[in-house]
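> I need the structure of the sequence given here:
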Amino acid sequence: MISIAAKRTKLPQLFMIQQLLREAKRVLTILPGSGINPDTVGTLLDSLGSYGVKEIHLSAGEWVSGEMSFRRDGMGMGIGGDGEWGIWRTKEETVRAVRKIADDWSEARRAKTASQGA
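I've put the predicted structure just below:
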């Protein structure tokens with residue numbers, strides 16, 4: 001299940017995901033998504049880590065200008081606004097930044113658990 005409730009990591013929405021994770025109990029995989037980026041992933045993991053979140057979903061992208069040369073007036077690609085003739089492209093540097101934060105968070109959590117068990 002992909003959750004879109006994490007947009008801008010608003011706490012009431014995080015509470016809803018916490019409840020979903022608690023109720024799922026290994027029956028479903030809940031993937032928080034929408035608004036996850038290098039600025040929000042740490043808060044998201046801190047808020048949901050103890051509830052068993054193991055995966056996240058993000059597009060890590062941005063609209064870039066499309067290279068279509070013929071653009072008939074009144075007939076776009078259906079997106080509207082800046083994306084009307086654009087292409088949504090995933091940014092490798094954003095994926096790498098989120099991955100590093102998530103990996104560092106996970107390693108710190110493992111180290112803390114190990115030190116408490118020793």
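> remind me which residues of this protein are low pLDDT?
Applying pLDDT under 70 to the chain picks out residues 1-12, 26, 78-83, 118.
> same thing but at 50, please
Scanning the chain with the threshold set as pLDDT under 50 gives 5-7, 9.
> by contact count, what packs against the lengthiest helix in it?
When the chain is parsed with DSSP state H, its longest helix is helix 92-117. Using 3 or more Cβ pairs under 8 Å, 6 or more residues apart in numbering; DSSP states H and E, the elements in contact with helix 92-117 are helix 41-48. All C-beta atoms are positioned from the backbone trio N, CA, C, and that covers glycine.
> list the contacts of stretch 109-118.
residue 49 (Cβ atoms under 8 Å, 6 or more residues apart in numbering).
> what's the angle between the longest helix of the chain and helix 41-48?
40 degrees (axes from the mean of the first three to the mean of the last three Cα atoms, to 10 degrees).
> please state the offset of helix 92-117 from the chain centre?
Centroid separation for helix 92-117 versus its chain: 15 Å, with Cα atoms, centre = their mean, to the nearest Å.
> in that helix, what counts as buried?
Of the residues in helix 92-117, 94, 97-98, 101-102, 105 count as buried by neighbour count, 16 or more other Cβ atoms under 10 Å.
> which among the residues you listed gets closest to residue 58?
Nearest to residue 58 among the buried residues of helix 92-117, counting by Cβ to Cβ, is residue 98 at 6.2 Å.
> residues contacting the closest one?
36-38, 41, 56, 58, 60.
> ok, now how distant is it from residue 30?
Applying Cβ to Cβ, to the nearest Å, the value for residue 98 to residue 30 is 18 Å.
> now do residue 107
Counting by Cβ to Cβ, the gap from residue 107 to residue 30 is 22 Å.
> what about residue 20, how many neighbours?
Neighbours of residue 20 under the rule other Cβ atoms under 10 Å: 18.
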